[in-house]
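Trainee: Please work out how this folds:
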Amino acid sequence: MDFKLEHTALGSKARCGTLTTDHGDIHTPIFMPVGTAATVKGVFHRDLKEEVKAEIILGNTYHLYLRPGLDILHQAGGLHKFSSWDKPILTDSGGFQVFSLAEKRKLTEEGCKFSSHIDGSKHLFTPENVIDTQRIIGADIMMAFDECPPGTAEKDYASKSLDLTNRWLERCFNQYHKTKPAYGHYQSLFPIVQGCVYDDLRMKSANFVKQFDADGYAIGGLAVGEPAEQMYSMIEVVNEILPADKPRYLMGVGTPANILEAIDRGVDMFDCVMPTRNGRNGMLFTWNGFINIRNKKWANDFSAIDENSDCFVDKQYSKAYLRHLSISNEMLAAQISSMHNLAFYLQLVNEARKQIKNDTFKEWKEKMIPILGQRL
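Mentor: Predicted structure coming up:
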């Protein structure tokens, strides 16, 4: 895997580059649609490629481990072949599920014991078997196993959690170097910077992960309850330490404004369920602001969903028609809304890339953020 940093914008830390993998190039800054259970909900792979223009998607180790299971994935030849997706894939290690399933798990030095949300069966994730699992899944980019504390965690808890994450990280890399890819293509392992909202813990974590000389680095444990300004501050602290010549991935973030602010601070890669989850509930992100398509005001609005978008659903369907589908609980409403939102997110980062290359990113970002944050 290779990352070529191409340009840093004037007056900003925003940068663009190209990440080369065995399954194709990824042009940064990039947004990665979330395909938790081997699918981006409601969107055909054809449309992900041709209309959304996705260059990489996510899978989730926790969910794929439970269903369909490692035997099926191995028999299929990995997630790429199982799901017929021939572009890059990144897998989350399951660390966030450790955080989100607090009622169903127990942390120990060995790893995380948890009960399946599907059938209550008992399982154990360790740093070692999480690496083995991601080898079987076949992701181009694998994530280290970590604990993700809540954004409101007390410092003592956050400190102990970080120490555990660091010990787990050493075991992850030991297992990574002991094992080989299962299907012949190269697999990277990204460590995850933790430390909650405490500057000294974030600096400690960033300096610790840097010693592994990884292909890239993730910033985790943000957008989990802390104010946005604290999130931006932590990004700044971390990116002062992480290597400039490696990609930086901000996990699970976020709104269009969050993404632009993070790009401004030197982040390259993003993922979030917001485009698809919010889309299924009727929220659409557009170049003029966001709308709730279920509101009556759109009932007789026969204009395009977003006249500034080049995705075919925005050209083909009107707001009135999409509102009708949504109010009627038709499946097509979720499909159209999900595709529209994902296409918008990819268009947003692609436009950011153009503005970075033109050295106009800072001015463009300041103009766009209030527009994108307004309700229409």
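Trainee: how about the strands in the stretch 251-376 of the chain?
Mentor: Listed in chain order, the strands of the stretch 251-376 of the chain (DSSP state E, counting those that start in this stretch) span 269-271, 283-286, 289-292.
Trainee: Pull up the gap between the residue positioned nearest the centre of the chain and Arg167, please.
Mentor: Nearest to the geometric centre of the chain sits Asp271, at 1.9 Å (CA atoms, centre = their mean). Asp271 sits 26 Å away from Arg167, going by CB to CB, to the nearest Å. Placement of C-beta: from N, CA and C, glycine included.
Trainee: of the strands of the stretch 251-376 of the chain, which approaches Leu260 most closely?
Mentor: strand 269-271 (10.4 Å; CB to CB).
Trainee: Switch the strands of the stretch 251-376 of the chain over to TSV; also include distance to Val130 and mean pLDDT.
Mentor: Listed next are the strands of the stretch 251-376 of the chain as TSV, based on distance: least, CB to CB, whole Å; pLDDT from 0 to 100:
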stretch	distance to Val130	mean pLDDT
strand 269-271	18	98
strand 283-286	33	98
strand 289-292	36	98
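Trainee: most packed of these?
Mentor: strand 269-271 (a mean of 24; mean count of other CB atoms under 10 Å).
Trainee: what about Arg105, distance to Ala37?
Mentor: In terms of CB to CB, Arg105 sits 19 Å off from Ala37.
Trainee: Could you list the residues in contact with stretch 360-373?
Mentor: 9-12, 14, 255-257, 260-261, 263-264, 285, 287-290, 351-352, 355 (CB atoms under 8 Å, 6 or more residues apart in numbering).
Trainee: try 7 Å
Mentor: The contact list for stretch 360-373 (CB atoms under 7 Å, 6 or more residues apart in numbering) reads 9, 11-12, 14, 256-257, 260, 264, 288-289, 352, 355.
Trainee: check contacts around the closest residue in space to Ser337 that isn't next to it in sequence.
Mentor: Once flanking residues are discounted, Ser337 sits nearest to Gly279: 3.5 Å by CB to CB, 6 or more residues apart in numbering. By CB under 7 Å, 6+ apart, the residues touching Gly279 are 334, 337-338, 340-341.
Trainee: ok, back up a step: which residues does the residue nearest to the centre of the chain contact?
Mentor: 32, 34, 58, 251-252.
Trainee: Beta-bridge partners for it, please?
Mentor: Counting by DSSP bridges, Asp271 is bridged to Met32, Val253.
Trainee: Next one: it from Leu90, what distance?
Mentor: On the measure of CB to CB, Asp271 and Leu90 end up 8 Å apart.
Trainee: What of Phe3?
Mentor: For Phe3, the distance to Leu90 - CB to CB - is 14 Å.
Trainee: if we can go back for a sec, show me the one of the strands of the stretch 251-376 of the chain that comes nearest Asp359.
Mentor: strand 269-271 (21.9 Å).
Trainee: what's the weakest-modelled helix or strand in the chain?
Mentor: Every helix and strand in the chain was compared by mean pLDDT, DSSP states H and E; the lowest is helix 95-100, with a mean of 71.
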